[in-house]
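Student: Below are the sequence and a predicted model for it; my questions follow.
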Amino acid sequence: MNNTWHFLREFESKELVKQYIKKKYQYTITTEKALEISSAFKQGRSYFESSLNSDISVKPLLQYYGVVALSRGLILILNKTARENTIKPSHGLKICNWSTIVKTKKLENIKVKTSSGTFRELIEATKNISYFRGKSNYINWQSEFDIEEKDFELSLKELSYSFPDLKKSIESWLGLSIPSTMIESLSCENNKVKIGIRDITFITEIFPGDLYPNLRVKDDDYQKIVSYESNNWPNISQKWESSFKINGDPYLQPPFTGNIFLNDIGKMFATTFIFGTISRYYPTTWMNVTNGIENDKILPFAINYMDFIQEKYPNIILDFIDAPYDT
């Protein structure tokens, strides 16, 4: 377990939770709500600890339960009126095309559909914000996307594009170059966005014309400057470790189908849900993958993803806890 848990353990104390809320948000919560928050964090840590040494047959499910527990704790912190009994017990996601997947054997085409539940409450509580480390080991900027009011669908393939740390294993699994590129520079003034990138191979996918009209590309020394006039941010994901190991780099990907934008914590939640659901409700499929019987080309990515989530989901929870609060 990484050092993030040394800090998250403070949220297993009801008194420290009350102290944190009072100091950061300038209001007092009841002891009962503080206990609800501390219970969620304790349970989340227990699930993550259990998943560390668990058999791969149940590891995705334990990780997902850990993700749900930490997410509920974060919702209780960020939503002043939320209580344990008001957060919906439903996950807020459902695999909607499993019968097709059984026939085609293409796990990358798994789709989840959103509904009322923890997933949507998490996106709303976090305001669909992502925090980024640009050439840095600490957060130095953020982006905020609109929250989609209607239910929408996400595919595992598109979700996988959102994890640039795992690019090599994703490309081996899918057998293609994923449409993603690193941000070298970024500025925004008077709705004019300028983004520096080196690779423009996937520029039309990353910046679809209906969202980014009058897109311009200009040479600038070692990079290309992509500019447009709009209040639409592109779809950005965090690469947590660069060649300098502890420094991060933001990456661009295409919007999700339907021009959907989702913050990083939402992408992690949805992807972990997919693997947890396969493990729990379709164990034969999961055993076939893990035993090398069928579809095992996804296995290296799945294992690397689980290692990634084991470390980074607690980290992203801490990002929201530490984020500045504008009163």
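Tutor: Perfect, thanks for sending it. Residues are numbered from 1 along each chain as shown.

Student: which secondary structure elements does the helix or strand where residue 284 lies contact?
Tutor: Per DSSP states H and E, residue 284 falls inside helix 283-290. Under the contact definition 3 or more C-beta pairs under 8 Å, 6 or more residues apart in numbering; DSSP states H and E, helix 283-290 sits against helix 264-281, helix 299-322. C-betas here are computed from N, CA, C, even on glycine.

Student: how about these, which one is nearest residue 150?
Tutor: helix 264-281 (15.5 Å; C-beta to C-beta).

Student: Doesn't residue 108 belong to a helix?
Tutor: Yes - secondary structure of residue 108 (DSSP: H, G, I helix; E, B strand; the rest coil): part of a helix.

Student: Next, residue 81: secondary structure please.
Tutor: On the basis of three-state DSSP, residue 81 is classed as coil.

Student: Likewise for the one 4 residues further on?
Tutor: Here residue 85 is coil, with the state taken from three-state DSSP.

Student: Where does pLDDT dip in the chain?
Tutor: For the chain, applying pLDDT under 70 flags the ranges 1-2, 243-247, 326-327.

Student: May I see the buried residues of the helix holding residue 284?
Tutor: The neighbour-count check on helix 283-290 (16 or more other C-beta atoms under 10 Å) flags 285-286, 289-290 as buried.

Student: In PDB, list the C-alpha atoms belonging to that helix.
Tutor: The C-alpha trace of helix 283-290 is given here as PDB (Å, rounded to 0.1, in the frame of the first residue of the first chain):
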ATOM      1  CA  PRO A 283     -17.000 -15.500 -14.000                       C
ATOM      2  CA  THR A 284     -16.700 -18.000 -16.800                       C
ATOM      3  CA  THR A 285     -15.700 -15.300 -19.200                       C
ATOM      4  CA  TRP A 286     -13.200 -13.900 -16.600                       C
ATOM      5  CA  MET A 287     -11.800 -17.400 -15.900                       C
ATOM      6  CA  ASN A 288     -11.400 -18.000 -19.600                       C
ATOM      7  CA  VAL A 289      -9.400 -14.800 -19.900                       C
ATOM      8  CA  THR A 290      -7.200 -15.400 -16.800                       C
END
